[in-house]
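S.K.: Build me a model:
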Amino acid sequence: MSHGHGGESAQAASHDSHQFSLINFGTIAAFLAWFGGMGYLLTAYSTLWFVWGLGLATLTGLGGASLLFLFVSRVLMSGEQNLNPADYDMIGVLGRICSPVREGGTGEMTFVRDGARQTCGVRSEEGKAVSKGLEVVVTRFEKGIAYVRPWDELTGAPVSGCLDEPDRP
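M.R.: The predicted structure follows:
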């Protein structure tokens, strides 16, 4: 079974999960409410023949159920994908220190996620000082603090421009 591009099959699976049956508890309840309400009004305040009243009440019930179904399917059931917790895992995130970390202290780093620049509090994994502008990798994340190690320490080679930041003098 071939899928071509991985994104297409994931998108199709996500789209299918948002569809639901036309006949469900909500639409049945809406049908009964509108059918019963219109049937009561027609029998109490109208001189229509019974069959015409039954037909009009049925059409009103179907209309009410259809309105509810359209509202739920178009407004409440979003076409967006559900959030995947793995997409927001901080371990392995590459960032740049924007506020230096003193020895045993806390600083701040910037990183890019989903096309937006974000910040996070950081501490050095070894408790060492980390200077501003150094590229780091998150090795663990606890209670809102990212514990980092320098990128060049892990790879042996510096990477420039990882955050598409212009070089500042």
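S.K.: what's the spacing between the residue nearest the centre of the chain and Asp114?
M.R.: For the chain, Leu83 is the residue whose C-alpha lies nearest the centre (CA atoms, centre = their mean; 3.7 Å). Using CB to CB, to the nearest Å, one obtains 11 Å as the distance from Leu83 to Asp114. The C-beta positions use only the backbone N, C-alpha and C, and glycine is treated the same way.
S.K.: and if you look at Asp89?
M.R.: When Asp89 is compared with Asp114 (using CB to CB), they lie 13 Å apart.
S.K.: swap in Leu62?
M.R.: From Leu62 to Asp114 the distance is 43 Å (CB to CB).
S.K.: What of Leu94?
M.R.: 15 Å.
S.K.: Among those two, which residue is more densely surrounded?
M.R.: Taking neighbours as other CB atoms under 10 Å, Leu94 and Asp114 compare with Leu94 leading, 16 against 7.
S.K.: partners of that one in the sheet?
M.R.: Using DSSP bridges, the beta-bridge partners of Leu94 come out as Val137.
S.K.: Is it in contact with Phe111, as I believe?
M.R.: Yes: shown here, Leu94 and Phe111 form a contact pair, counting by CB atoms under 8 Å, at 6.7 Å.
S.K.: Any regions of this protein where pLDDT drops low?
M.R.: Filtered on pLDDT under 70, the chain yields the residue ranges 1-19, 78, 157-169.
S.K.: okay, now the domains of it?
M.R.: In terms of domains, the chain is parsed into 6-76, 85-155 (source: automatic domain parsing).
S.K.: Out of those domains, which one sits most buried?
M.R.: Comparing the domains of the chain by mean neighbour count (mean count of other CB atoms under 10 Å), domain 85-155 comes out on top with a mean of 15.
S.K.: how much distance is there from that domain to the middle of the chain?
M.R.: 24 Å (CA atoms, centre = their mean, to the nearest Å).
S.K.: and the residue lying farthest from the centre of the chain, backbone torsions?
M.R.: No residue in the chain sits farther from the centre than Thr47, which is 54.2 Å out by CA atoms, centre = their mean. The phi/psi pair for Thr47 (degrees, to the nearest 10) reads phi -110, psi 20.
S.K.: swap in Ile97?
M.R.: Torsion angles, degrees, to the nearest 10, at Ile97: phi -70, psi 120.
S.K.: and it, how far is that from Pro85?
M.R.: 26 Å.
S.K.: which stretches of this structure form strands?
M.R.: With strands called from DSSP state E, the chain shows them at 94-99, 107-113, 116-124, 135-142, 145-150.
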